[in-house]
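Chemist: Provide a 3D model corresponding to the input given below.
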Amino acid sequence: MRIWLGLSLVAFAAFGCFPSTGQAQMIVAHRGASFVAPENTLASFQEAWQQDADVVEGDFYLTKDGAIVCIHDKNTERTSGGTAKLKIEDSTLEELRAIDVGTWKAPKYAGQKIPTLEEVLATIPENGKIFIEIKSGPEIVEPLQAALKKANLKDEQVIFICFNEEVVSQCREKMPQHKASWLTSYKQNKLSGKWSPSLESVVKTLKKTGATGLGTQANDTVVTPEFVKAIRDAGIECHVWTVNDPQQAQRYAELGFDSITTDKPAEIRAAVTSENK
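Modeler: You can find the predicted model right below:
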């Protein structure tokens, strides 16, 4: 597989179509440095900065009382270690903040709480960025806009990412000063062997939403040099999630991706830095 990939990349470059690999990929800490610390907690984000991440990625929901909180799942069952099962959109900030979301990872993280968007933004250093993955629907866009106006961050430090096409469209319409990536994974038809969405469909969606970037699942079968060229030709950035294998990270570095999202920022940075030397 590695031999075929190398030949494919060389052939692609020979036609003058290969994106520059001299650039350094941004290393994005997935839910913070979540391999080490409990995901989407302040401890995880602080660990990510200590591991020299360029960007932190967090998941955000709108609560019943209009707060924006950082948690991946629709409810608290998994990250509370089964001690509480509150649905985020039906709960208040006070109710959610009463839950310990650190102990499930390790005893030393006992007492970690579900952070607010404002608390997460406050961890971002002057040269850092955040990928805000929006888990709620369009109803979160205006509260998000209001929260960001109060934050002491430059426009380029905040990037939205979302699977929901309407949310991406609204973010681009109401907050055009911020980049926004549309996210997609892929499913294979067992009978035909074809993957969906197709490349044509992906490009169409990116153009329709006004997205500045594609956040693609790290599916090595789908994401070929030809796939990347088509996205680049559409004027769209290329971002990939979630890559924890050093060799796979090197593959996406070779493909010239703008960012690589990982649970292990220090390890993947070392792999990509080695590849770019």
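Chemist: what ranges do the strands span in the chain?
Modeler: Under the criterion DSSP state E, the chain contains strands at 26-30, 55-62, 68-70, 129-134, 158-162, 179-184, 187-188, 195-196, 213-217, 237-241, 259-262.
Chemist: need the ones you listed in a markdown table with mean pLDDT, can you?
Modeler: Rendered in a markdown table, the data for the strands of the chain read as follows (pLDDT from 0 to 100):
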| stretch | mean pLDDT |
| --- | --- |
| strand 26-30 | 98 |
| strand 55-62 | 98 |
| strand 68-70 | 99 |
| strand 129-134 | 99 |
| strand 158-162 | 99 |
| strand 179-184 | 98 |
| strand 187-188 | 98 |
| strand 195-196 | 98 |
| strand 213-217 | 98 |
| strand 237-241 | 98 |
| strand 259-262 | 98 |
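Chemist: TSV please, covering the ones you listed and showing mean neighbour count and distance to residue 205.
Modeler: Any C-beta I mention is one placed from the backbone N, CA and C, and that applies to glycine too. Converted to TSV, the strands of the chain look like this (neighbours: other CB atoms under 10 Å; distance: least, CB to CB, whole Å):
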stretch	mean neighbour count	distance to residue 205
strand 26-30	28	21
strand 55-62	24	21
strand 68-70	24	25
strand 129-134	24	16
strand 158-162	25	12
strand 179-184	23	6
strand 187-188	12	15
strand 195-196	14	12
strand 213-217	23	9
strand 237-241	22	15
strand 259-262	28	19
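Chemist: Pull the residues that contact stretch 264-277.
Modeler: Residues from elsewhere that reach stretch 264-277 (CB atoms under 8 Å, 6 or more residues apart in numbering): 21-22, 24-25, 27-29, 33, 35, 48, 51-53, 243-244, 246-247, 249-250, 253-254, 260, 262.
Chemist: run the last query once more with 7 Å
Modeler: 21, 24-25, 27, 29, 33, 35, 48, 51-53, 243-244, 246, 249-250, 253-254, 260, 262 (CB atoms under 7 Å, 6 or more residues apart in numbering).
Chemist: what about the stretch 1-150 of the chain, any weak spots by pLDDT?
Modeler: The stretch 1-150 of the chain contains residues with pLDDT under 70 at 1-23.
Chemist: let's see 90
Modeler: When residues are selected by pLDDT under 90, those of the stretch 1-150 of the chain lie in 1-24.
Chemist: Select only the buried ones of the contacts of stretch 264-277 in PyMOL?
Modeler: A single PyMOL command selects the buried members of the contacts of stretch 264-277 (16 or more other CB atoms under 10 Å):
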select buried, resi 21+25+27+29+33+35+48+51+53+243+246+249+250+253+254+260+262
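Chemist: Just the contacts of stretch 264-277: which are in helices?
Modeler: 48, 246, 249, 250, 253, 254 (DSSP state H).
Chemist: And the helices in the stretch 1-150 of the chain, which stretches?
Modeler: In the stretch 1-150 of the chain, the helices defined using DSSP state H, counting those that start in this stretch lie at 2-14, 42-50, 93-97, 117-121, 141-150.
Chemist: Was I right to think residue 170 contacts residue 140?
Modeler: No. Between residue 170 and residue 140 there is no contact under CB atoms under 7 Å: 9.4 Å.
Chemist: got CSV for the strands of the chain, with distance to residue 120 too?
Modeler: Formatted as CSV, those follow (distance: least, CB to CB, whole Å):
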stretch, distance to residue 120
strand 26-30, 12
strand 55-62, 6
strand 68-70, 5
strand 129-134, 7
strand 158-162, 11
strand 179-184, 18
strand 187-188, 31
strand 195-196, 33
strand 213-217, 19
strand 237-241, 18
strand 259-262, 16
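Chemist: Good, we can wrap up now.
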